[in-house]
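# Give me the fold of what follows.
(one chain, ligands or ions: 1)
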Amino acid sequence: MQEVRHNWKKEEVLEIYNSPLMELLYRAATIHRKQHDPNVIQVSTLLSIKTGGCSEDCGYCPQAARYHTNINKNSLMPVAQVKELANRAKSSGSSRVCMGAAWRNVKDGSEFDRVLEMVRTINKLDMEVCCTLGMVTENQAKRLAEAGLYAYNHNIDTSEDYYDDVISTRAFKDRIDTIENVRKTNVTVCSGGIIGMGESLEDRAGMLETLTRFSPHPESVPINALVAVEGTPMEDQPPVNIFEMVRMVATARIVLPESQVRLSAGRTQMSREGQSMCFFAGANSIFAGDKLLTTPNPDIKEDMKMFEELGLNPQKAFYKHEQRESIEAEKSEYQALGEKPKWTRPGHKIERNEQKKKEAIAFKKEVRALKKETLTLKEEDLVLKKDNAVLKEK
Ligand code: SF4
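All right, here's what the predicted structure looks like:
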């Protein structure tokens, strides 16, 4: 077995990332085979249970209310709809459902109670259930655990150094605190980040270094390639080169040997050959479904066809950790505390975020003016019609 280290230094991680590609692949694949079954791949379906209207300013995210992007906003889904979508995901071959809500943080109340009910419902379908709901307190994490949550996703996104260039509405430490709150329960941790946001290679290594500091390491580590969405501050970022993705996956596999490394956003930009290289380098999990929250993703049937050709088998639910029992709401030990935690609001200015916010405000003003103009024209039209009718009567 590969030694699990929590003291990796950024320089060491960077040296691995920059090593000759064939050496890197060989080293990562060797560790991968020692630690995992190389022919098994975990398939998660990501469901956006509440889309858009988020108060945060994450520079990569089309769901931030302050930018003007072309997404279909939705309020929190009903439990029955989530159940139907989870059943559909199960019959397509997914063993996990990850529910994402565009919230800054979880707030106690009827919406969170509904999410807890969704967790119970999916767990009873014998699927692993994961949530990504923003920042959570320890009590909220415990309530999720009681409902039968299997995993909580909270990405650190990038290195601590680059974080301030991406988000100004919360601090890197808030991310770490949330992950630590989840760790106080039996819920597994899913945490990774995004490459292609304009960060340096040192930042990529720094992000992995931070992930290795967690003890234990996160059970899942999603590696996303930025999907540059029009209207977001990162809309002009060039696509991530496939070899950079392979290097990132391989490096993650080496420094986080026990984690499931998930090939996440950005797969539509990758060829099947590119993805296969990532699987060889140690990726053993994917997000399935034609949409990842709001951005495109390959069709699950295409993924299953690719797995068949590669001889990869979808991982069964509860393969790594046993299923949690779902405690019903009325028997719950933990109640809503109505907490008002003081999550940070650093509020520094990120130029590209500010620029996109200004453009969105200008766009909204223009739309309002156009609507007003149309109304005035309609009113004028009515007056004319009325005048004509009076003239005819005369
Ligand atoms: S990434 Fe999450 S927290 Fe950030 S703007 Fe998007 S939905 Fe909100």
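
# dump the residue contacts of residue 119.
Under the criterion of Cβ atoms under 8 Å, 6 or more residues apart in numbering, the contact list for residue 119 reads 99, 129, 131, 144, 147, 148, 149, 326. Yep, even glycine has a C-beta here, placed from its N, CA and C like the rest.

# Excluding residues flanking it in the chain, which one is nearest it?
The spatial neighbour of residue 119 that comes closest, neighbours along the chain excluded (Cβ to Cβ, 6 or more residues apart in numbering), is residue 147 at 4.0 Å.

# pretty sure the one you found is touching residue 120, no?
Yes: using Cβ atoms under 8 Å, residue 147 is in contact with residue 120, at 5.1 Å.

# any common contacting residues for these two?
In contact with both residue 147 and residue 120: residue 326, using Cβ under 8 Å, 6+ apart.

# Comparing these two, which residue is more hemmed in?
In this view residue 147 and residue 120 are compared by other Cβ atoms under 10 Å, and residue 147 has more residues nearby, 28 against 18.

# so what's that one up against?
For residue 147, the contacting residues are 116, 117, 119, 120, 123, 326, 327, taking Cβ under 8 Å, 6+ apart as the criterion.

# Rebuild these as CSV, extending it with pLDDT and secondary structure.
Rendered in CSV, the data for the contacts of residue 147 read as follows (pLDDT from 0 to 100; DSSP: H, G, I helix; E, B strand; the rest coil):
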residue, pLDDT, secondary structure
116, 97, helix
117, 97, helix
119, 98, helix
120, 97, helix
123, 97, helix
326, 95, coil
327, 94, coil
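
# Run through the bridge partners of residue 101.
Bridge pairing for residue 101 (DSSP bridges) gives the partners residue 50.

# Do you know the pLDDT at it?
Residue 101 is assigned a pLDDT of 96 by the prediction.

# Then residue 295?
According to the model, residue 295 scores 67 on pLDDT.

# Could you do residue 298 as well?
69.

# How about residue 175?
For residue 175, the model assigns a pLDDT of 95.

# Burial check on it, number of neighbours?
Using other Cβ under 10 Å as the criterion, residue 175 is surrounded by 20 other residues.

# nearest residue to it other than its sequence neighbours?
Using Cβ to Cβ, 6+ apart, the nearest residue to residue 175 is residue 156, at 5.1 Å.

# list the contacts for the one you found?
163, 172, 175, 176, 179, 191, 192, 193, 207, 210, 211.

# quick one: which of the residues you listed is nearest the ligand?
If you rank those by distance to the ligand using Cβ to the nearest ligand atom, residue 175 comes first, at 10.4 Å.

# Isn't that closest one up against residue 157?
Yes: under the criterion of Cβ under 8 Å, residue 175 lies in contact with residue 157, with a separation of 7.4 Å.

# tell me, how many neighbours does the one residue in the stretch 151-300 of the chain that gets nearest to the ligand end up with?
Closest to the ligand within the stretch 151-300 of the chain is residue 167: 7.0 Å, counting by Cβ to the nearest ligand atom. Under the neighbour criterion other Cβ under 10 Å, residue 167 is assigned a count of 24.
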